[in-house]
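# here's a sequence, model it:
(one chain, ligands or ions: 1)
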Amino acid sequence: MLPPDFESLGIADSVLKAVKQLGYEQPSPIQAQSIPILLNGENLLGVAQTGTGKTGAFALPLLSRLNSDQKTPQVLVLTPTRELAIQVAEAFQTYARHLKKFHVLPIYGGQDMSTQLRGLKRGAQVIVGTPGRILDHIRRRSLVLNQLNALVLDEADEMLRMGFIDDVETILAETPDACQRALFSATMPPTIRRVVKKYLGDAKEVSIVSKTKTVERITQFYLTVKGHQKMEALTRILEVEEFDGMLIFVRTKSATLEVAEKLAARGFSAAALNGDLSQILRERTVNRLKKGQVDIVVATDVAARGLDVERISHVINYDIPYDNEAYVHRIGRTGRAGRDGKAILFVAPKESRLLYSIEKSTNQKITLMRLPTGDQVSGQRIQQFQERVLQSLNAKDLERFKGILHKLCEDNAISISDIAAGLASQLQQERPLFPDMPSLDTTFNDRQTHAKPNRSRPERSEKFKKRVDSGKNRSSNSGIAMVTYRIEVGKNQGVMPKDIVGAIASESGIEGQNIGRIKLHDEHSTVELPEGMPNDIFQHLKHKVRVKQQPMRLSLDGPGGPAKESAGKRRPKNSPNL
Ligand code: AMP
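Predicted coordinates for the structure are as follows:
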């Protein structure tokens, strides 16, 4: 059965227009299942992770039901981190671009209170925020939820892990009884189940089921790469991989064109294949691929459905698929007719959960692939250059060229190799033999960082986190050496351990489980954090991060009260990397 299209799901025309402009070809599985339920006003429990299109799954129907005349908050989305709050608010803004007088407001800890108060006063139909700060506004009465129509808990298991669950429950209790509720979570620990039972009642449950499939003839690799670096990574792979035909999967119709055009501009023979093209044009493109008139086809899932071309030796998942079935279908386009195939999956740091779930469902390991280095690209180009030169020796009229060149040597007292080098450099102007490759950030390109995925944490914490995450016993701190830090907030400021865990986890990227013992004193507290914290994280926590509206002012705990920055240097074993 074909999946439904956006038109048949019943979302409002203005929202549909935005979706079309974004180039979304079809709803992702979680969207196809969730949108009708939410449009119908029912409660929803969605078991899905980041990268499945879950933001659209709730934003599209809730925007469709918005009352544009009502200025007070109608939809509240709770997220575990400020990065996710911003991301979700941006998604709402994008999907609502044709809605008149629409306002969405992100609200999170660490941001200036007066900006938020101004925003709330101006009025916003959709509020997206982290639980602690949302609760602060509810208590100040700057956020009133009595007209709320819908509440979404996004990444509920992350909120639980970061110690926000009490705040979430307090907020849930503040929402009107008739308010529609949706909860999304990648996993379903018992506490979340309890919250669902208590506050979501007879919610309809949707989940991205994973069927086990095996794809033996295909070797599978993944590469962790950030969105804006994908094209550079792809180009390098294309330069060094030996492939016959290649299929590259992207998520949107516009991306098929964009990627194919960029590849063509870089000298590769590439064409786009998407649902906007007529049947005839699509068949023509597939035929060109079959005949070797084009080597690379950039396609969406819909356009490549059932594609059977023997010479496809490689499938590249430029954008990760929404679910395991789509993955299996995609990579099954290679390894046809008894041949071997290779599949390469690009995974953005925040999509690591999907990688795990794909591995589980295919019962196969996906191996980490190292991005080709500048030297490898250079080596490949030199080899191709040599082949090209040797081939050119078969050309006609070589004797006459030799005559010209010998004269050039004599007239200018230069050697024939000088001339050859000059010509070679000119020939390779577009593809230099010794290219200056931009450095790509692959510090997170390691399975350890996938072991416990964390959403878009600040870049500076990646290396540190990688090391911390790879501690022997990750569920407790026993495998990681810890250092005691002091913060200038304590019982008198009403601070609780979960506030400290929440602030540190969301601002530093250190997982809540890697934050050690916390002791509360009257005017300060101490907290154990993994050894070797990089200076930029330390400085950030010291100068920028607040707990309960108070600057945290992190310092090393030592004799004589708050440590000076240099204190770290005196304690080589325990110090942060200052
Ligand atoms: P999410 O799981 O909500 O974080 O979404 C992951 C990514 O998929 C985002 O970049 C969305 O813009 C994109 N996306 C969501 N729904 C669709 C769709 N139906 N078609 C293509 N891309 C989509």
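# avg pLDDT for stretch 253-260?
In this model, stretch 253-260 has a mean pLDDT of 96.
# got any ranges where this protein has weak pLDDT?
The chain contains residues with pLDDT under 70 at 1-3, 209-215, 441-480, 509, 559-578.
# show me the chain divided up by domain.
Domains of the chain are assigned by automatic domain parsing as 6-207, 218-374, 396-427, 459-556.
# now mean neighbour count and distance to the ligand too, for those, in a markdown table please.
No exception for glycine: its C-beta is placed from N, CA and C like everyone else's. Below are the domains of the chain laid out as a markdown table (neighbours: other CB atoms under 10 Å; distance: least, CB to the nearest ligand atom, whole Å):
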| stretch | mean neighbour count | distance to the ligand |
| --- | --- | --- |
| domain 6-207 | 19 | 3 |
| domain 218-374 | 19 | 4 |
| domain 396-427 | 11 | 41 |
| domain 459-556 | 19 | 18 |
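# longest helix anywhere in this protein?
helix 374-392 (DSSP state H).
# output the helix or strand following that helix as CSV, nothing but the C-alphas.
Remark: after helix 374-392, the chain's next helix or strand is helix 398-412, criterion DSSP states H and E. Taking Å, rounded to 0.1, in the frame of the first residue of the first chain, the C-alpha atoms of helix 398-412 are listed here in CSV:
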residue,chain,number,x,y,z
LEU,A,398,52.3,14.4,-31.6
GLU,A,399,55.4,15.0,-33.8
ARG,A,400,54.2,18.5,-34.7
PHE,A,401,53.6,19.3,-31.0
LYS,A,402,57.1,18.0,-30.1
GLY,A,403,58.6,20.4,-32.7
ILE,A,404,56.8,23.4,-31.1
LEU,A,405,57.9,22.4,-27.6
HIS,A,406,61.6,21.7,-28.5
LYS,A,407,61.7,25.1,-30.1
LEU,A,408,60.2,26.6,-26.9
CYS,A,409,62.9,24.9,-24.9
GLU,A,410,65.8,26.2,-27.0
ASP,A,411,64.5,29.8,-27.3
ASN,A,412,64.0,30.1,-23.6
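# how distant is whichever helix or strand comes after helix 398-412 from the center of its chain?
The helix or strand immediately downstream of helix 398-412 is helix 416-427, counting by DSSP H and E. Helix 416-427 sits 45 Å away from the centroid of its parent chain (CA atoms, centre = their mean, to the nearest Å).
# test my guess that F538 contacts S555.
No - counting by CB atoms under 8 Å, F538 stays clear of S555, with 9.1 Å between them.
# for M188, give its distance to L172.
17 Å (CB to CB, to the nearest Å).
# er, Q376 I mean
As judged by CB to CB, Q376 and L172 stand 54 Å apart.
# repeat for R282
For R282, the distance to L172 - CB to CB - is 49 Å.
# now the domains of the chain in CSV, with distance to L390?
Formatted as CSV, the domains of the chain follow (distance: least, CB to CB, whole Å):
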stretch, distance to L390
domain 6-207, 45
domain 218-374, 19
domain 396-427, 13
domain 459-556, 45
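# mind checking which of the ones you listed is nearest I382?
Within the domains of the chain, the stretch nearest I382 is domain 396-427; the backing value is 10.1 Å (CB to CB).
# quick one: end-to-end length of the closest one, please.
The first residue of domain 396-427 is 19 Å away from its last residue (CA to CA, to the nearest Å).
# for S508, which non-adjacent residue is closest in space?
I537 (5.0 Å; CB to CB, 6 or more residues apart in numbering).
# tell me where the stretch 101-250 of the chain has strands.
104-107, 126-129, 150-153, 180-185, 204-207, 218-224, 245-249 (DSSP state E, counting those that start in this stretch).
# by contact count, what packs against the fourth one?
Read that as strand 180-185. With contacts defined as 3 or more CB pairs under 8 Å, 6 or more residues apart in numbering; DSSP states H and E, strand 180-185 has these neighbours: helix 29-39, strand 44-47, helix 54-64, strand 150-153, helix 156-161, helix 190-195.
# now do the strands in the stretch 251-400 of the chain.
270-273, 296-299, 312-317, 341-347, 367-368.
# so what sits opposite the nearest residue to P497 once chain neighbours are set aside in the bridge?
Using CB to CB, 6+ apart and skipping the chain neighbours, the partner closest in space to P497 is I518 (4.4 Å). On the basis of DSSP bridges, I518 is bridged to V527.
# thought A89 was touching A96, still the case?
No - using CB under 8 Å, A96 is not in contact with A89, being 10.5 Å away.
# what do these two both touch?
Residues within reach of A96 and of A89 at once, by CB atoms under 8 Å, 6 or more residues apart in numbering, are 104, 126.
# residues in contact with D301?
Applying CB under 8 Å, 6+ apart, the residues near D301 are 25-26, 249, 321, 326, 329-330.
# returning to that earlier point: pipe the strands of the stretch 251-400 of the chain into CSV and attach distance to S64 per row.
Formatted as CSV, these follow (distance: least, CB to CB, whole Å):
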stretch, distance to S64
strand 270-273, 30
strand 296-299, 29
strand 312-317, 31
strand 341-347, 32
strand 367-368, 41
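# next up, phi/psi of L520, please.
With angles defined as degrees, to the nearest 10, L520 shows backbone torsions of phi -100, psi 130.
# now it. Nearest residue, chain neighbours left out?
K491 (5.1 Å).
# and the gap between the closest residue to V196 other than its chain neighbours and I35?
Of all residues not flanking V196 in the chain, L45 sits nearest, at 5.5 Å (CB to CB, 6+ apart). Distance of L45 to I35, given as CB to CB: 15 Å.
# try G46
11 Å.
# any residues in contact with both of these two?
Contacts common to G46 and I35, judged by CB under 8 Å, 6+ apart, are A57.
# how far out from the middle of the chain is stretch 365-381?
Averaging C-alpha positions (CA atoms, centre = their mean) puts stretch 365-381 22 Å from its chain's average.
# output stretch 155-173 as CSV, nothing but the C-alphas.
Taking C-alpha atoms only, stretch 155-173 is exported to CSV below (Å, rounded to 0.1, in the frame of the first residue of the first chain):
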residue,chain,number,x,y,z
GLU,A,155,11.9,13.9,23.9
ALA,A,156,10.2,13.0,27.2
ASP,A,157,12.9,10.4,28.1
GLU,A,158,15.6,13.0,27.8
MET,A,159,13.6,15.3,30.1
LEU,A,160,13.4,12.5,32.6
ARG,A,161,17.1,11.8,32.3
MET,A,162,18.0,15.4,32.9
GLY,A,163,15.9,15.5,36.0
PHE,A,164,13.1,17.7,34.7
ILE,A,165,10.3,15.2,35.2
ASP,A,166,8.9,16.9,38.4
ASP,A,167,8.8,20.2,36.6
VAL,A,168,7.1,18.6,33.7
GLU,A,169,4.4,17.1,35.9
THR,A,170,3.8,20.4,37.7
ILE,A,171,3.3,22.0,34.3
LEU,A,172,1.0,19.2,33.1
ALA,A,173,-1.1,19.8,36.2
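# how about residues contacting that stretch?
Contacts for stretch 155-173 (CB under 8 Å, 6+ apart): 50, 76, 78-81, 84, 130-132, 134-135, 138, 145, 151, 153, 181, 183-189, 191-192, 195, 199, 455, 497-499, 501-502, 505-506, 511-513.
# of those residues, which belong to helices?
Counted as lying in helices by DSSP H, out of the contacts of stretch 155-173, are 84, 131-132, 134-135, 138, 191-192, 195, 497-499, 501-502, 505-506.
# which of these sits closest to N287?
Nearest to N287, judged by CB to CB, of the ones in helices among the contacts of stretch 155-173 is L84 at 44.5 Å.
# that closest one reaches V152, doesn't it?
No - using CB under 8 Å, L84 is not in contact with V152; the gap is 11.7 Å.
# beta partners of I344?
With DSSP bridges as the rule, I344 is bridged to F221, I316.
# now the helices and strands packed on strand 180-185 as CSV including distance to L117?
Listed next are the helices and strands packed on strand 180-185 as CSV, based on distance: least, CB to CB, whole Å:
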stretch, distance to L117
helix 29-39, 30
strand 44-47, 32
helix 54-64, 25
strand 150-153, 22
helix 156-161, 24
helix 190-195, 29
